[in-house]
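Colleague: what's the 3D shape of this:
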Amino acid sequence: MKPDIDRRHDGTLPDGTPTDEQVRRFRAAMDMSGDAIYLVDRATMRFVDVNQTACTRTGYTREELLRMGPQDLIKTSRESLERDYDEVIAAGEQGITTESTAHYKDGRKSQAELHRRALRTDDGWIIVSIARDITERKRAERASRQIGRMYAALSATNEAILRARLPEELYQQVCDAAVFGGKLISTSVLVPGPDGSSLEVVAIAGRGEEQLRGTHISVDESIAEGRNLVGIAFRTLQPCVSNDYLNDERTRPWHETARAAGVRAGAAVPLVRGGRAAGVLLFYSDEKGAFDEEVVKLLQRKAENVAFALDNFEREAERKRGEKALRASEEKFRITLESIEEAYFEVDLTGDLVFLNAAFCRLLGYSEHELIGMNNQRYQSPEVAAEVFETFNEVYRTGAPKIGRDWALIRKDGSNVLVEASVNLIRDSQGAATGFRGMLRDVTARRQAEQRIEYLATHDELTGLPNRVMFGQLLKLAIESARRHERKFAVLFIDLDGFKTVNDTLGHEAGDALLKRISARLKDCLRASDVVARQGGDEFVVLVQEVTDAGEVAAVARKILSGVIESASLEGQDCGVTASVGISMYPADAHDEKSLMESADAAMYLAKEQGKNNFQFVSSSIETPGDPLRAMAR
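Modeller: Predicted coordinates:
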């Protein structure tokens with residue numbers, strides 16, 4: 001028989017040395033982390049241990065890294081790092097979090113968020129550094145800002161298309177929308193000149209407006225000037241982009257002017273009519289890469305979610321090679337595990353928790369004492385519990401890890417937290433399955449941000465009303481339904497009279513407050529089945545569903561006029577505006593979305609001509625019973 005070996009209450013041997021199982025457990029915990037973990041000897045300024053993620057990310061083997069120091073990765077002086085580490089030691093258990101740029105073996109650079117804590121051992125100080133790669137996050141933040149600007153420009157351009165009456169007017173509004181909505185530094189419209197070999201700038205907004213208006217740019221491929229972005233786009237009927245304008249040979253003739261104007265990127269997009277180029281839209285930005293493929297794709301579809309995954313393959317061999325290096329005190333291993341921001345857990349084959357870290361406790365709001373022995377179904381809804389069971393069952397059957405699973409867990413206070421999970425199978429020394437280990441990352445905020453982006457794509461941020469995009473979708477559905485069931489409905493185009501005066505005298509904040517109040521009043525004037533949306537600026541549009549005749553629509557219009565004209569107190573002053581309303585009827589006035597909107601817009605302008613604070617129908621054949629106002633065709 002084997003002699004019994006006494007163990008201390010913390011699981012270590014009598015001399016304080018961790019058991020093999022503890023060593024395997026903490027090595028697995030380190031290697032499962034999606035963050036790179038480095039242990040640095042403060043005295044020698046050399047790495048004494050790293051996890052597999054650090055090796056994979058930097059391109060160095062563990063052996064190579066253990067011959068290096070942190071100054072070799074972040075390219076700073078040893079003296080500067082020593083001062084940083086002394087500050088970490090002084091900071092105590094709280095540690096210090098900073099951002100830095102890492103240099104990898106293959107020459108790549110990445111941005112990382114570093115959390116450092118100091119560990120006191122018998123031999124001196126060990127600095128535990130956890131590096132989270134935030135390159136993608138930084139890139140996503142920049143892309144998000146670009147998306148917002150492009151959506152603003154797109155919305156303003158659509159408004160210009162709807163309201164412009166002449167090509168020149170449209171060209172100028174498109175330029176204004178790109179510069180003031182899209183935050184570009186210059187936008188111009190070029191059309192063919194009389195000689196046919198050059199394009200003339202007929203509209204421009206932004207920098208260089210006075211100098212460039214009326215300028216001619218050659219599109220003749222036989223000369224250097226004609227081989228520019230504009231010429232290429234005009235000849236090929238395809239967009240032509242330069243994301244590093246000042247280093248692009250195609251744009252050399254304009255480098256001096258562009259440098260003075262702060263141009264860093266440019267894009268030329270042809271205006272194609274009947275299969276031929278009718279002109280070119282030319283955009284300039286002060287940001288390199290402003291017109292890259294990623295931004296174009298983000299404009300063509302909703303923002304993509306970038307999800308990361310933990311790669312657990314091939315780590316078992318690395319864990320075995322590093323077991324001897326991790327034989328240190330229980331405190332050392334525990335601090336390393338507690339420094340990981342992800343929630344780490346281990347359950348047996350029945351789902352009862354047998355081990356976890358402090359992050360797991362914080363995630364669910366329980367104490368460690370409460371959680372140990374708790375079955376995982378206690379903090380899961382029946383539906384989520386079924387998903388978790390299926391995941392565990394598949395990992396058990398295949399032996400392959402599962403990563404990137406989204407689960408909604410229930411905290412102690414009853415609130416929900418959305419996590420991204422990875423699960424691995426735990427085997428004993430004989431290879432038999434004994435349970436599961438995994439990592440949980442809180443992605444609640446990220447999911448909420450994604451939902452917010454989706455919401456803003458279809459709603460007006462100021463008033464919360466549907467925006468032009470959503471209204472267009474609802475109008476299309478209304479047309480299909482009305483056509484199928486032979487019903488009528490009406491579109492009301494509303495423009496506020498006198499709003500500019502409020503904005504100019506009391507300021508934009510007062511104007512925004514007034515728009516919010518009017519939005520609420522408009523909703524109060526409608527039935528639950530009707531829709532009111534903000535077109536932009538001081539314009540609104542209403543969809544009145546399932547009407548029987550024009551009199552019913554006129555009654556709604558009167559309610560809207562009455563609701564809008566009611567005064568409101570802003571900045572201590574009574575402010576009042578009126579509304580001009582144009583009405584188009586389906587199917588009497590139009591049968592498609594564009595025609596219905598254009599007809600209602602035209603009728604709205606007629607209402608303004610009739611003295612404002614009134615409504616007008618499109619068709620002269622429609623009369624409102626008992627109302628002195630009669631619609632007139634224009």
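
Colleague: for Gly404, helix, strand, or coil?
Modeller: strand (DSSP: H, G, I helix; E, B strand; the rest coil).

Colleague: likewise Asn393?
Modeller: helix.

Colleague: by mean pLDDT, flag the weakest helix or strand of this structure.
Modeller: Using mean pLDDT, DSSP states H and E, the weakest-scoring helix or strand in the chain turns out to be helix 315-321, at a mean of 46.

Colleague: what does whatever helix or strand Ser188 lives in contact?
Modeller: Assigned by DSSP states H and E, Ser188 falls within strand 186-192. For strand 186-192, the external contacting residues (C-beta atoms under 8 Å, 6 or more residues apart in numbering) are 171-172, 174-175, 178-179, 198-209, 212, 217, 230, 261, 263, 271, 278-284. For glycine as for every other residue, the C-beta is placed from the backbone atoms N, C-alpha and C.

Colleague: repeat for stretch 415-432
Modeller: 28, 32, 307, 309-310, 312, 343, 346, 363-364, 391-392, 395-396, 399, 401-411, 433-444, 447.

Colleague: from the middle of its chain, how far away would it be?
Modeller: Counting by C-alpha atoms, centre = their mean, to the nearest Å, stretch 415-432 is centred 30 Å from the centre of its parent chain.

Colleague: so for it, mean pLDDT?
Modeller: Computed over stretch 415-432, the mean pLDDT rounds to 89.

Colleague: could you list the buried residues of that stretch?
Modeller: Val417, Leu418, Val419, Glu420, Ala421, Ser422, Val423, Asn424, Leu425, Ile426 (16 or more other C-beta atoms under 10 Å).

Colleague: closest to His508 out of the residues you listed?
Modeller: Within the buried residues of stretch 415-432, distances to His508 taken as C-beta to C-beta reach their minimum at Leu418, with 36.9 Å.

Colleague: hang on, that closest one in a helix?
Modeller: No - applying three-state DSSP, one finds Leu418 to be strand, outside a helix.

Colleague: circling back to that earlier point, which neighbours in the sheet does the strand holding Ser188 have, and how are they oriented?
Modeller: In the sheet, strand 186-192 lines up against strand 198-206 (antiparallel), strand 276-285 (antiparallel) (DSSP bridges).

Colleague: could the ones you listed go into a markdown table alongside mean neighbour count?
Modeller: Below are those laid out as a markdown table (neighbours: other C-beta atoms under 10 Å):
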| stretch | mean neighbour count |
| --- | --- |
| strand 198-206 | 21 |
| strand 276-285 | 21 |
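
Colleague: for Gln610, which of the ones you listed is the nearest?
Modeller: Minimum separation from Gln610 across the strands paired with strand 186-192 (C-beta to C-beta) falls at strand 198-206, 32.3 Å.

Colleague: what about the stretch 301-450 of the chain, any weak spots by pLDDT?
Modeller: For the stretch 301-450 of the chain, the stretches with pLDDT under 70 are 301-339, 449-450.

Colleague: mind pulling up the pLDDT for the nearest residue in space to Arg78 that is not next to it in sequence?
Modeller: Leaving aside its chain neighbours, Arg78 sits nearest to Gln71 (5.1 Å; criterion: C-beta to C-beta, 6 or more residues apart in numbering). Gln71 carries a pLDDT value of 86.

Colleague: now do the same contact list for Gln71.
Modeller: Met45, Ser77, Arg78, Leu81.

Colleague: same thing with Leu65?
Modeller: Contacts of Leu65 (C-beta under 8 Å, 6+ apart): Tyr38, Phe47, Val50, Ala54, Cys55, Thr58.

Colleague: the first one against Thr53, yeah?
Modeller: No - checked against C-beta atoms under 8 Å, the pair Tyr38 and Thr53 is beyond contact range at 10.2 Å.

Colleague: quick one: Asp442 from Ala421, how far?
Modeller: 11 Å (C-beta to C-beta, to the nearest Å).

Colleague: circling back to that earlier point, which among the buried residues of stretch 415-432 gets closest to Val544?
Modeller: Using C-beta to C-beta, Leu418 comes nearest to Val544 of these, at 39.6 Å.

Colleague: nearest to Leu474, of the contacts of Gln71?
Modeller: Using C-beta to C-beta, the contacts of Gln71 come closest to Leu474 at Leu81, 59.4 Å.

Colleague: that closest one and Glu99: what is the separation?
Modeller: Taken as C-beta to C-beta, the span from Leu81 to Glu99 is 15 Å.

Colleague: same check, this time on Ile217
Modeller: 44 Å.

Colleague: next: Leu237.
Modeller: 45 Å.

Colleague: mind listing residues that contact stretch 345-360?
Modeller: With C-beta under 8 Å, 6+ apart, stretch 345-360 has contacts from 25, 29, 337-338, 340-344, 368, 371-377, 388-389, 392, 396, 426, 433-440.

Colleague: what pLDDT is listed against Glu79?
Modeller: 91.

Colleague: now the helix or strand it falls within, how far from the centre of its chain.
Modeller: Using DSSP H and E, Glu79 sits in helix 78-91. Helix 78-91 sits 36 Å away from the centroid of its parent chain (C-alpha atoms, centre = their mean).

Colleague: cool, and stretch 98-112?
Modeller: How far stretch 98-112 lies from its chain's middle: 24 Å, per C-alpha atoms, centre = their mean.
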